[in-house]
Structures are given as structure tokens and as C-alpha cells.
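**Q** How does the following fold in three dimensions:
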Amino acid sequence: MMQLIDRLNHARHKISSLGSLTLVVLVFTLAQSIKAPVEMVAQEALELTTALIEPLLQPPPKPPAVQQPRTDTKPQAIPLATAQQPVAQTEAVKEMPASEIPRASVTPPANAMPVVPTQEAPKQVQQPPVNVNIENNYIASVRAILNANKRYPTGREASLQRPSGKVKLWFVLARNGSLQEAGIDESSNSIILDNAALLTVRRTTYTPWPEGSWPSQSQHKFTVTLDFVPLN
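**A** Numbers count the residues shown, from 1 in each chain. Alright, predicted model coming up:
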């Protein structure tokens with residue numbers, strides 16, 4: 001009985017050892033089968049990471065160099081003979097007297113008309129018509145007669161007030177010099193002076209109009225200004 005139990009235990013140990021060995025072999029085989037895809041995935045991830053990081057680690061490209069314009073260009077050398085030729089000509093002109101310098105002569109074409117200097121016609125001063133001068137002279141004589149006949153008013157009021165001022169009058173004369181009518185155009189603000197001015201115009205004798213004056217009129221209106229100043 002004891003031997004049977006020992007044999008069973010021994011067989012059980014063998015079966016356990018065999019099962020354990022089989023399990024180890026199975027695990028090892030499974031691990032080998034999984035290891036290859038994992039390594040491939042890890043390698044691909046490493047290559048992708050390297051491809052992404054590598055451009056960032058490279059230094060930035062340098063900008064293209066700008067070419068500066070050359071400033072060290074030297075002026076071209078002028079041949080000595082060419083450079084000295086204008087100077088020699090200038091010196092020759094300076095040494096030549098002004099009277100001997102040739103002047104360019106311009107020969108007019110054969111069919112050219114001779115140029116005649118134009119002379120401005122003398123400006124004629126327009127003389128006023130004869131009748132205007134006669135009329136102006138007559139008006140001046142009439143005003144001179146009125147100023148000569150002007151008298152400062154006398155009387156008690158004039159002596160007390162002693163007014164002064166100018167009176168502008170108008171009057172109409174016929175061709176024979178007779179007075180037709182008269183009136184005051186601008187008053188002196190003094191009745192005494194206004195009356196004295198009207199009296200001067202009415203008591204004056206006028207000469208007839210000269211020949212040729214106001215040919216189309218039988219009467220003409222005149223104006224005169226009389227200035228009255230009190231006597232000392």
C-alpha cells in the first residue's frame with residue numbers, strides 16, 4: 001500500500017514537472033512570437049521621432065548676401081594728347097587779340113528781303129473840339145463875373161450872426177445872355193447867405209453866348225458855388 005502511494009506521488013511529480021516544462025516552453029514560444037512585432041513597432045516609432053526632431057535641431061539657413069554697389073571704380077584715364085588739346089586751344093584764344101578773333105559771318109539767302117526797321121507812328125494827341133473850348137471859356141467867364149459881383153450881406157442880423165459858408169446855385173441863361181430862372185442846389189444852412197447868393201445871380205449882367213457854343217440849344221443850365229466869409 002505504501003509503495004503504491006509512493007508510485008502515485010512519484011508519477012504525480014513527473015506529471016507536474018512535465019506540465020511545468022510544457023508551460024515554460026509555451027510561454028517562451030509566445031514571448032518570442034510577440035517580441036518581433038513589438039521591436040518593429042518600436043523601431044518605426046524611433047525613426048518617425050528622429051525624422052520630426054532632426055529639422056528642428058538643424059541651424060536656420062543664412063540669408064543670401066546682398067551685393068553692395070562697387071564704389072571703388074576709378075575714372076578712366078584720359079589720354080594725355082586728348083586732355084591737353086582743349087587747354088592748348090584755350091590758351092591760343094587767350095593770346096589772340098580781340099580784334100583778330102574771327103567772327104562767324106552769316107550770309108543771308110539770295111531771295112531774302114531786306115529787313116527795314118519799323119518806325120512807330122507818332123501818337124497824335126486828340127485835340128478837343130473848338131466848340132468845347134469855347135463853351136468852357138464862357139463858363140469860366142460867367143463864374144468869374146459872379147464871384148466878382150458877390151457881396152457879403154449887410155444888415156443887423158448879418159452883423160450879429162456873422163454866418164459863413166458855401167452856396168451852390170443853378171441858373172439858366174438864354175443864347176443872348178438873359179437870365180431865365182435860378183435856384184439853390186445846395187444850401188449853406190443860412191437864409192441870409194442863400195438870399196445873398198440868389199441876389200448875386202439875379203443882378204449880374206451876362207454876355208451872349210459865343211458863336212459855335214451849344215449849337216442845338218436855345219437855353220443852357222449853369223452851376224456856380226459862391227463862398228461867403230464875414231468881413232473883419
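**Q** element containing K168?
**A** In the assignment (DSSP states H and E), K168 maps to strand 165-174.
**Q** Which elements pack onto the following helix or strand past that strand?
**A** The first helix or strand that comes after strand 165-174 along the chain, using DSSP H and E, is strand 179-186. With contacts taken as 3 or more C-beta pairs under 8 Å, 6 or more residues apart in numbering; DSSP states H and E, strand 179-186 sits against strand 165-174, helix 191-203, strand 219-228. All C-beta spots, glycine's among them, are computed from the backbone N, C-alpha and C.
**Q** Can you list the buried residues in strand 179-186?
**A** Across strand 179-186, burial judged by 16 or more other C-beta atoms under 10 Å covers A182.
**Q** and it with strand 165-174, angle?
**A** Orientation note: strand 179-186 sits at an angle of 150 degrees relative to strand 165-174 (axes from the mean of the first three to the mean of the last three C-alpha atoms, to 10 degrees).
**Q** Paired strands for strand 179-186, with orientation please.
**A** Sheet pairing here is set by DSSP bridges, and for strand 179-186 it gives strand 165-174 (antiparallel).
**Q** could I have the strand it pairs with exported to CSV, CA atoms only?
**A** This file holds the C-alpha atoms of strand 165-174, laid out as CSV (Å, rounded to 0.1, in the frame of the first residue of the first chain):
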residue,chain,number,x,y,z
GLY,A,165,-20.5,179.0,-45.8
LYS,A,166,-20.8,178.0,-49.4
VAL,A,167,-23.9,178.1,-51.6
LYS,A,168,-24.2,176.1,-54.8
LEU,A,169,-26.7,177.6,-57.2
TRP,A,170,-28.1,176.7,-60.6
PHE,A,171,-29.3,179.2,-63.2
VAL,A,172,-30.5,179.1,-66.9
LEU,A,173,-29.3,181.6,-69.5
ALA,A,174,-30.7,182.2,-73.0
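**Q** which residues touch it?
**A** For strand 165-174, contacts defined as C-beta atoms under 8 Å, 6 or more residues apart in numbering pick out 142, 179-190, 193-194, 196-198, 201, 206, 209, 218-228.
**Q** Name the residues of it that come out as buried.
**A** For strand 165-174, a neighbour-count test (16+ other C-beta under 10 Å) marks 165, 167, 169, 171, 173 as buried.
**Q** What mean pLDDT does stretch 150-164 get?
**A** For stretch 150-164, the mean pLDDT works out to 91.
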